[in-house]
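Peer 1: 3D model of this:
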Amino acid sequence: MHTPTTVDIAVNGQQFSFYANGRALSSITDSTYTSGTVGIAVGQNASIVASNFALYQVA
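Peer 2: Residues are numbered from 1 along each chain as shown. Reported below is the predicted structural model:
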């Protein structure tokens with residue numbers, strides 16, 4: 001059985017910060033998109049199980 005992993009992506013303008021189980025992994029700046037939608041994608045022959053997905057707007 002796999003151990004669950006909590007993944008967080010915090011976006012503030014063009015700054016993206018990535019976390020796994022509360023630990024900071026990486027931060028990038030990307031101005032490619034100014035708007036869009038949210039989704040989850042995996043590569044070929046891969047799978048993902050999501051038990052909870054939430055999207056928040058930070059004030």
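Peer 1: quick one: the residue most central in space within the chain from Q44, how far?
Peer 2: Most central in the chain under Cα atoms, centre = their mean is I9, positioned 3.8 Å from the mean C-alpha point. Distance of I9 to Q44, computed by Cβ to Cβ, to the nearest Å: 22 Å. Bear in mind the C-beta positions are built from the backbone N, C-alpha and C, glycine included.
Peer 1: before we move on, back to that, surely the residue nearest to the centre of the chain and A24 touch.
Peer 2: No: contact status for I9 versus A24: not in contact, 11.5 Å apart, counting by Cβ atoms under 8 Å.
Peer 1: follow-up on the earlier one: list the helices and strands the host helix or strand of the residue nearest to the centre of the chain packs on?
Peer 2: Applying DSSP states H and E as the criterion places I9 in strand 7-12. Packing contacts for strand 7-12, counted by 3 or more Cβ pairs under 8 Å, 6 or more residues apart in numbering; DSSP states H and E, involve strand 15-20.
Peer 1: Given the strand it packs on, what are its sheet partners and their directions?
Peer 2: The strands beside strand 15-20 in its sheet (DSSP bridges) come out as strand 7-12 (antiparallel), strand 23-29 (antiparallel).
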